[in-house]
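Engineer: build me a model from this:
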Amino acid sequence: MVAAFRVPGSDSDKRAPAARPEDNRMNPVRMYTTQVCPYCVRAKALLRQRGVAEIEEIRVDLDPSQREHMVHLTGRRTVPQIFIGGRHVGGCDELIALDQAGGLMPMLAAGR
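Structural biologist: You can find the predicted model right below:
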């Protein structure tokens with residue numbers, strides 16, 4: 001089964017694999033964010049498009065100690081910083097690159 005996305009002005013469909021019921025388990029996603037961050041919004045949208053239902057969002061603008069913890073974990077001060085299954089992916093650009101290279105869905109898949 002595939003989900004179709006219609007391209008405006010075109011008869012062609014872009015197809016992305018749909019999640020099968022037995023594949024509903026995904027590795028947990030944790031994202032360090034701020035309230036006003038377009039890259040955070042874009043990263044969350046991409047993850048949702050790929051079937052992620054829950055994102056543990058840690059707002060570093062509300063808790064400076066969490067930003068310090070994020071920097072300690074990643075060596076980076078910018079948001080978003082994204083972890084999938086405990087593995088640091090990087091920011092929005094790295095997440096998009098991972099998806100384009102075909103690596104995001106396998107990383108999201110639990111137990112694989």
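
Engineer: per-residue pLDDT of the spatially most central residue of the chain, please?
Structural biologist: With distances taken as Cα atoms, centre = their mean, Leu47 lies nearest the centre of the chain, 3.8 Å away. Residue-level confidence at Leu47 comes out at 98, pLDDT.

Engineer: and it, how close does it get to Gly102?
Structural biologist: 16 Å (Cβ to Cβ, to the nearest Å). Heads up, the C-betas are built off the backbone N, CA and C, glycines and all.

Engineer: before we move on, what about Asp93?
Structural biologist: 17 Å.

Engineer: cool, and Pro38?
Structural biologist: Applying Cβ to Cβ, the value for Pro38 to Gly102 is 25 Å.

Engineer: same check on Asp63?
Structural biologist: In terms of Cβ to Cβ, Asp63 sits 35 Å off from Gly102.

Engineer: settle it for me: which of those two has more neighbours?
Structural biologist: Counted by other Cβ atoms under 10 Å, Asp63 and Gly102 do not tie: Asp63 has more neighbours, with 11 against 8.

Engineer: before we move on, back to that, not counting the helix or strand hosting the residue nearest to the centre of the chain itself, show me its contacts.
Structural biologist: With secondary structure defined by DSSP states H and E, Leu47 is part of helix 38-49. Residues outside helix 38-49 that contact it (Cβ atoms under 8 Å, 6 or more residues apart in numbering): 29, 31, 33-34, 55, 57, 79-80, 82, 91-93, 95-96, 99, 104.
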